[in-house]
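Participant: Need a 3D model of the sequence below.
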Amino acid sequence: MKWPIFRAFPSFSPGYLRPFLRLCAQQSALTIGKKLHALILTTGLSTNQNSFLLNALMHFYASCGDITSARELACAWLRDVGVGSQGHGCVVKMGFERRVKVCNAVMDMYGKCGMVGDMRRVFGETEEKNVVSWTVVLDGVLKWEGVRSGRMVFDEMPERNEVAWTIMIVGYVGSGFSNEACAQSGNVVMGRWIHVYGLKRMGMEMDIMVGTAMVDMYAKCGRVDTAVKVFECMPRRNVVAWNAMLSGLAMHGRGRVVVDMFPRMIKVVRPDDLTFIAVLSACSHSCLIDQGSYYFDSLELVYGITPRIDHYACMVDLLGRAGRLEEAETLIKQMPILPNEVVLGSLLGSCNSHGKLQLAERVLQKLIEMKPHNTEYHILLSNMYALAGKQHKANALRKVLKTKGIRKVPGMSSIHVDGQVHQFSAGDKSHPRTLDIYLLLDDIIQRLRSAGYVPNPASQFFSGSDGIEDNAMDLEEREQALFSHSRSWQSVLDF
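Facilitator: Just a heads-up that it's a prediction; the model follows:
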């Protein structure tokens, strides 16, 4: 739930804090030591399982005479609920159960061990609850019961400090509210709510993880300019934040911006392998052949990063989009690792775009060996046969699919409108606003025709057919099937 700050600032590591904890232990500085402990918890250093940091904390508490905290700390850190329960029993026997700090430690131990019921029980029995008590429970509930339960705890909190706000916002992010639900369904309203939520309580000094999630969310929701504004306003940016920004720009075809931004990045942080995936993807989508080749060559020579399969996939896609399919095939043959489905699928897609039928046949054979039941590749090659005038081969390939009982899985599209997610498939008529959607779709089709758009139904594939039924199908019906694609429905509802 916390952001690992030692990844953002390598100098700020567990080893960096150990001498300060030792000094606090020597001088019995309990108050200062507890602040250091809080810093370890809120910055995420506690997620780094370093025994010497644990030992330093336990030694500090023991040296200050706080044996109970030392014992509870060990149980929580080791996730040993058996020993922790025994420690809790000792606390009750010794009459310390009324001390709020001791109760907080016990609750933290139960929360880290996943014993949410026991954590809640101790919380309910605690007479004097402070903001730390609520924050500990919030953290545990979010981790084990999810965002909805966590939000209920958060709303009940009489006082909310920065730690509580950070835990709640990061909880939304971690659960997928911004990254999955907001980004994938286009629910930018929820994402903005989370963003404003954070700004109101945390100000411009927003936690780096929350800021990065906002950049990612806005970019995936199509608000790439807003993502850039959030990114530029972040007071600190680590490599993860830069990668999110570069990836967002790449997916929206802002390759030139990515190439211009990369020199800024390397002045403040060292790029990693994910950085170059974003950069190469940006070059691919913007057809920046020379720049993409330069960065691919720089991976190992300049930055000492061994190219991964994802980097090769980006380069194959880059060369394929540019029509340099022979170079792409040569690169695949020279790869030190076996190509995967992504690499070969990208090459097959480029074959389709540039009409390289013979190469497509060779690639398809390799893909069939990997994924024999994936209909996408069969359909793509079948369409290529049809476009090349080899209808008999197209029919034969489709008949093979029909004989084997392999059917095309219908594609689905979704869009978030007025707080509700709407899903569509091609030719779908189950939506309650089907009539309105079809009327508007017909109007859009007429506008497209008036503007000179002519659909290409020659390669339209109908699942389970062998081509005989296709020949008898009326041309207008084929065109209607193309216009009734699920994404057309999605666009109409968003119109």
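
Participant: From now on I want contacts and neighbour counts done on CA atoms only, so please keep to that.
Facilitator: Noted.

Participant: any idea of the mean pLDDT in the helix or strand containing L435?
Facilitator: Here L435 sits within helix 434-450, counting by DSSP states H and E. The average pLDDT within helix 434-450 is 80.

Participant: For it, which helices and strands make contact with it?
Facilitator: Here helix 434-450 touches helix 486-493, going by 3 or more Cα pairs under 8 Å, 6 or more residues apart in numbering; DSSP states H and E.

Participant: So which residues of the stretch 51-200 of the chain form helices?
Facilitator: Here the stretch 51-200 of the chain has its helices, by DSSP state H, counting those that start in this stretch, at 51-63, 67-78, 81-93, 100-112, 116-125, 131-145, 147-156, 162-175, 183-185, 188-202.

Participant: ranking the ones you listed by mean pLDDT, which is last?
Facilitator: helix 183-185 (a mean of 47).

Participant: then the helix holding L435 to CSV, C-alphas only?
Facilitator: Below are the C-alpha coordinates for helix 434-450, written out as CSV (Å, rounded to 0.1, in the frame of the first residue of the first chain):
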residue,chain,number,x,y,z
THR,A,434,-30.9,-0.3,-29.8
LEU,A,435,-33.4,1.6,-31.9
ASP,A,436,-31.9,5.0,-31.2
ILE,A,437,-28.4,3.6,-31.8
TYR,A,438,-29.3,2.1,-35.2
LEU,A,439,-31.0,5.3,-36.3
LEU,A,440,-28.0,7.4,-35.4
LEU,A,441,-25.7,4.8,-36.9
ASP,A,442,-27.6,4.9,-40.2
ASP,A,443,-27.3,8.7,-40.2
ILE,A,444,-23.5,8.4,-39.7
ILE,A,445,-23.3,5.8,-42.5
GLN,A,446,-25.1,8.2,-44.9
ARG,A,447,-22.7,11.0,-43.9
LEU,A,448,-19.7,8.8,-44.6
ARG,A,449,-21.0,7.8,-48.0
SER,A,450,-21.7,11.4,-48.8
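
Participant: shift numbering so it begins at 41
Facilitator: Yes, from this point I'll number from 41; that puts the last item at helix 474-490.

Participant: for it, which positions count as buried?
Facilitator: Neighbour-count burial for helix 474-490, counted by 16 or more other Cα atoms under 10 Å, picks out I477, Y478, L480, L481.

Participant: now do stretch 326-333
Facilitator: Buried residues in stretch 326-333, counted by 16+ other Cα under 10 Å: S326, C327, L328, I329, Q331, G332.

Participant: any idea which helix or strand carries the fifth one?
Facilitator: Taking DSSP H and E as the criterion, Q331 maps to helix 329-341.

Participant: Would you mind getting the angle between the next helix or strand after that helix and helix 329-341?
Facilitator: Using DSSP H and E, the helix or strand that follows helix 329-341 towards the C-terminus is helix 349-361. The directions of helix 349-361 and helix 329-341 differ by 160 degrees, with axes from the mean of the first three to the mean of the last three Cα atoms, to 10 degrees as the criterion.

Participant: Tell me which other helices or strands helix 349-361 touches.
Facilitator: helix 313-325, helix 329-341, helix 365-374, helix 381-394.

Participant: rerun that using 6 Å as the cut-off
Facilitator: When contacts are defined as 3 or more Cα pairs under 6 Å, 6 or more residues apart in numbering; DSSP states H and E, helix 349-361 sits against helix 313-325, helix 381-394.

Participant: Could I get those helices in a markdown table, plus columns for distance to R277, mean pLDDT and mean neighbour count?
Facilitator: Putting those into a markdown table (distance: least, Cα to Cα, whole Å; pLDDT from 0 to 100; neighbours: other Cα atoms under 10 Å) gives the following:
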| stretch | distance to R277 | mean pLDDT | mean neighbour count |
| --- | --- | --- | --- |
| helix 313-325 | 14 | 94 | 25 |
| helix 381-394 | 31 | 89 | 20 |
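
Participant: Please confirm that Q463 is located within a helix.
Facilitator: No - according to DSSP: H, G, I helix; E, B strand; the rest coil, Q463 belongs to no helix; its state is strand.

Participant: measure it to P472 for me?
Facilitator: From Q463 over to P472 the distance is 12 Å, taken as Cα to Cα, to the nearest Å.

Participant: what secondary structure does S470 sit in?
Facilitator: Following three-state DSSP, S470 is assigned to coil.

Participant: And for D256?
Facilitator: For D256, the secondary structure call by three-state DSSP comes out as helix.

Participant: ok, so what distance separates it from L475?
Facilitator: When Cα to Cα is the yardstick, D256 and L475 sit 36 Å from each other.

Participant: How about L387?
Facilitator: 40 Å.

Participant: Next: T266.
Facilitator: 35 Å.
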